[in-house]
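1. what follows is a predicted protein model with its sequence.
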Amino acid sequence: MSVQFSGDKVDSSEKADLLVDGFLEFLIVEKNSSPRTISNYSYALKEFRNWCDSFNGWDSCNSEDFRTYLFECMKRELARSTIRLHFAAIRSFYRYLTRRKGLKVNPLLDVHLPKAERGLPLILTLKQVEDLLALPFNVKQPRQAPSWASARDAAILEVFYSSGLRLAELAALELNHFDFFNETIRIKGKGSKERIVPLGSHALNALKKYCDLAKVKDGPLFISKSRKRISTRAISDIVKKYTKLAGLPVGVSPHKLRHSFATHLLDNGADLRSVQILLGHESLSTTQIYTHVSADRLKRSYQKAHPRA
């Protein structure tokens, strides 16, 4: 059922639900948004509606309502990134309502958010990475683990660091995404955008060894003992297991390997545009945080080594 703001004889609560449903369908069909984005946006809209005591429809909300909601979010000490994500969902929804559903005024236009925090990401040193990558074949696997578990875990860690993939991207890999002759991998990233990423020799050798031992001939690349695609949760647990065994800082995750991948490239002379393409960042400004990391590391090296620093 298509709902507009004029001429519809529909209960306000039912209309509100239908508008949200239409928006989420729009994101899926026309924007090709990821399931995670759909879930986050749906949750953000539900949270605002639950907070609003006297909700009488999306067209009844005004700028003051959203400023008050923003203030309440800040009082609850939500992270700025969380607040900005919630409001990104609400802003996107109201753009949809004004452009597609006849809403005359967008109440979010006069609502200003706190600036995003730009904390520097945790970066592993090259020595820490090397120690981590060497671990799978140097620890005893659980008795119930498949005989090829160490090879699989080693390949997962090598591919993460060699390619800078996101967790979901690595979990979604199929064997036919690899071009072993050209030493590249085809990635389907955010918004189903594809990119081709080169793969280092260590990662390629680890993959070949794993595929041979696990007899992976086609279909999902990284599999469980039952030979089904391994979940993102399981992959994250694998990374956490080895980072703990390596004695690395708490909080090292698959995404921290991605951070390390990008920073080590820049440290060794890669240009920012190339790193942007490899990471699959839509905006160069997203990649630029790694230049701050590299500059910070350079400054520390200078202060440590220069006699008159």
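-> That came through fine.

2. would you state the helices of the stretch 51-200 of the chain in chain order?
-> Using DSSP state H, counting those that start in this stretch, the helices found in the stretch 51-200 of the chain span residues 63-75, 80-100, 126-134, 149-163, 167-171.

3. determine which stretch of the ones you listed is the most buried.
-> helix 149-163 (a mean of 24; mean count of other CB atoms under 10 Å). In short, each C-beta sits where N, CA and C put it, glycine included.

4. pull the residues that contact it.
-> 129, 132-133, 135-137, 139, 141, 146, 165, 170, 173, 185, 187, 197-200, 202-203, 206-207, 209-210, 213-214, 222-223, 235, 238-239, 242, 254, 257-258, 260-261, 278 (CB atoms under 8 Å, 6 or more residues apart in numbering).

5. for that helix, the averaged confidence score.
-> The average of the pLDDT scores along helix 149-163 is 95.

6. got the CA positions of it in CSV?
-> The C-alpha coordinates for helix 149-163 follow below in CSV (Å, rounded to 0.1, in the frame of the first residue of the first chain):
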residue,chain,number,x,y,z
ALA,A,149,41.6,-25.9,11.5
SER,A,150,45.1,-24.5,11.9
ALA,A,151,45.4,-24.0,8.1
ARG,A,152,42.0,-22.3,7.9
ASP,A,153,42.8,-20.0,10.8
ALA,A,154,46.2,-19.1,9.3
ALA,A,155,44.6,-18.3,6.0
ILE,A,156,41.9,-16.1,7.6
LEU,A,157,44.5,-14.1,9.5
GLU,A,158,46.7,-13.8,6.4
VAL,A,159,43.9,-12.7,4.1
PHE,A,160,42.7,-10.1,6.6
TYR,A,161,46.1,-8.5,6.9
SER,A,162,47.1,-8.9,3.2
SER,A,163,43.9,-7.4,1.8
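
7. just want the angle from that helix to helix 126-134.
-> Put simply, helix 149-163 runs at 150 degrees to helix 126-134, going by axes from the mean of the first three to the mean of the last three CA atoms, to 10 degrees.

8. returning to what we had before: filter the contacts of helix 149-163 down to the buried ones, PyMOL style.
-> This is the PyMOL syntax for the buried subset of the contacts of helix 149-163, where burial follows 16 or more other CB atoms under 10 Å:
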select buried, resi 129+132+133+135+136+146+165+170+173+185+187+197+199+203+206+207+209+210+213+214+222+223+235+238+239+242+254+257+258+260+261+278
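
9. out of the contacts of helix 149-163, which sit inside strands?
-> Using DSSP state E, the members of these that fall in strands are 185, 187, 197-198.

10. which two of the residues you listed have the greatest separation?
-> Using CB to CB, the ones in strands among the contacts of helix 149-163 reach their maximum pairwise distance at 187 and 198, which is 11.3 Å.

11. any chance of the ones in strands among the contacts of helix 149-163 in CSV with pLDDT and distance to residue 270 as columns?
-> As requested, the ones in strands among the contacts of helix 149-163 are exported to CSV (pLDDT from 0 to 100; distance: CB to CB, whole Å):
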residue, pLDDT, distance to residue 270
185, 91, 18
187, 89, 18
197, 88, 13
198, 88, 12
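
12. out of those, who's nearest residue 24?
-> residue 187 (25.7 Å).

13. who's in contact with that closest one?
-> Per CB under 8 Å, 6+ apart, neighbours of residue 187: 163, 165, 169, 177, 194-197, 280.

14. 10 Å - rerun?
-> 163-166, 169-170, 172-173, 177, 193-197, 278, 280 (CB atoms under 10 Å, 6 or more residues apart in numbering).

15. same question for residue 108.
-> Here residue 108 is in contact with 61, 63, 66, 87, 90-95, 98 (CB under 10 Å, 6+ apart).

16. again with residue 241
-> Residue 241 sits next to 135-136, 139, 153 when contact means CB under 10 Å, 6+ apart.

17. quick one on the thing from earlier: shared neighbours, residue 187 and residue 198?
-> 163, 278.

18. what's stretch 41-58 in contact with?
-> 5, 10-17, 19-21, 23-24, 27, 33, 60-61, 65-66, 68-69, 72-73, 82-83, 85-90, 92-94, 97, 101, 103, 107.

19. same thing but at 8 Å, please
-> Contact partners of stretch 41-58, identified using CB under 8 Å, 6+ apart, comprise 12-13, 15-16, 19-20, 23-24, 27, 33, 61, 65, 69, 72, 85-90, 92-94, 97, 103.

20. same thing with stretch 78-95?
-> 20, 23, 27, 40-41, 44-45, 47-48, 58, 66, 70, 73-74, 103, 106-108, 111, 113-117.

21. now it - C-alpha only, CSV.
-> The C-alpha coordinates for stretch 78-95 follow below in CSV (Å, rounded to 0.1, in the frame of the first residue of the first chain):
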residue,chain,number,x,y,z
LEU,A,78,25.5,7.5,24.1
ALA,A,79,28.6,7.6,22.0
ARG,A,80,28.7,10.4,19.5
SER,A,81,29.0,7.8,16.7
THR,A,82,25.8,6.1,17.9
ILE,A,83,24.0,9.4,18.1
ARG,A,84,25.1,10.3,14.6
LEU,A,85,24.1,6.9,13.3
HIS,A,86,20.6,7.3,14.7
PHE,A,87,20.2,10.8,13.2
ALA,A,88,21.6,9.6,9.9
ALA,A,89,18.7,7.1,9.7
ILE,A,90,16.1,9.7,10.7
ARG,A,91,17.5,12.3,8.2
SER,A,92,17.5,9.7,5.4
PHE,A,93,13.9,8.8,6.3
TYR,A,94,12.7,12.4,6.2
ARG,A,95,14.5,13.1,2.9
